[in-house]
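**Student:** I need the structure of the sequence given here:
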Amino acid sequence: MTKSRSEKIVLKSKRLFLREVSLKDIDFLAKLHRDRLVMQHIGPLRTRKQVIDRITHIIEAYRNNPDLGIWMCCLTANDQPIGWACLKDLDGSKQIEIGYRLASEFWGHGYATEISKGLLQFGFQLHELDEIVGVTRLDNEASKRVLEKCGLTYQHLAIYYNTEVLYYKITSRQWQDLQCNAEIN
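**Tutor:** Residues are numbered from 1 along each chain as shown. Modelled structure (predicted):
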């Protein structure tokens, strides 16, 4: 898949980039949301119509808040979509959540951690957020590891998206301290 000039690139990392979602992503996203492995920690499988409705909502949200949202996560080497990542409101609250959903064939390559670290920098440096949170289901060990590798720390159990989740958080100051420590070491 080749990027068109009209697609807005939001973020680039060493191996990945985030771009705005478009209607041409329907087939990939419909397949992603029908994959039982991907959805096992998220919720029920989604129909093609549900995915189309969600894509339409995501595209509309870019107009209302161009700095935050859900974006397609693609490989830099060949523009192939591998999933999506987000920096958006947490379940309609004023809190800003980091999240990701990758196709199962791309698990285990460090992509979720790589793009999440990029999103933290994006949120804290470009948008001067005070804190960023993350949530994951209790049994999602891989997602817990990603959040912790990125510096988010477990706070408490919470209810978001109509389910009990582990609630993680990192403040701008904590993130800056991590960056300073990484430079020293």
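**Student:** can you check which helix is longest in this protein?
**Tutor:** helix 48-64 (DSSP state H).
**Student:** any buried residues in that one, and which?
**Tutor:** Buried residues in helix 48-64, counted by 16 or more other Cβ atoms under 10 Å: Val51, Ile55, Ile58, Ala61, Tyr62. C-beta coordinates here come from the backbone N, C-alpha and C atoms, glycine included.
**Student:** Ala30: which of the residues you listed is nearest?
**Tutor:** Distance to Ala30, by Cβ to Cβ, is smallest for Val51 among those, at 4.7 Å.
**Student:** what residue is smack in the middle of the chain?
**Tutor:** In the chain, the centroid-proximal residue (Cα atoms, centre = their mean) is Ala85; its distance is 2.5 Å.
**Student:** could you pull out the helices for this structure?
**Tutor:** Using DSSP H, helices in the chain cover 26-32, 36-39, 48-64, 111-121, 141-149, 172-184.
**Student:** ranking those by burial, who's on top?
**Tutor:** helix 111-121 (a mean of 22; mean count of other Cβ atoms under 10 Å).
**Student:** now tell me what touches it from outside.
**Tutor:** With Cβ atoms under 8 Å, 6 or more residues apart in numbering as the test, helix 111-121 has contacts from 11-16, 18, 73, 82-83, 85-87, 98, 100, 102, 132, 142-143, 146-147, 149-151, 170, 175.
**Student:** buried subset of those, written for PyMOL?
**Tutor:** One line in PyMOL is enough to select the buried ones among these; burial here means 16+ other Cβ under 10 Å:
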select buried, resi 11+13+16+18+73+82+83+85+86+87+98+100+102+132+143+146+147+150+151+170+175
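**Student:** I'd like the distance between Thr136 and Leu178.
**Tutor:** Distance from Thr136 to Leu178, counting by Cβ to Cβ, to the nearest Å: 20 Å.
**Student:** with Gly110 instead?
**Tutor:** Relative to Leu178, and taking Cβ to Cβ, Gly110 is found at 17 Å.
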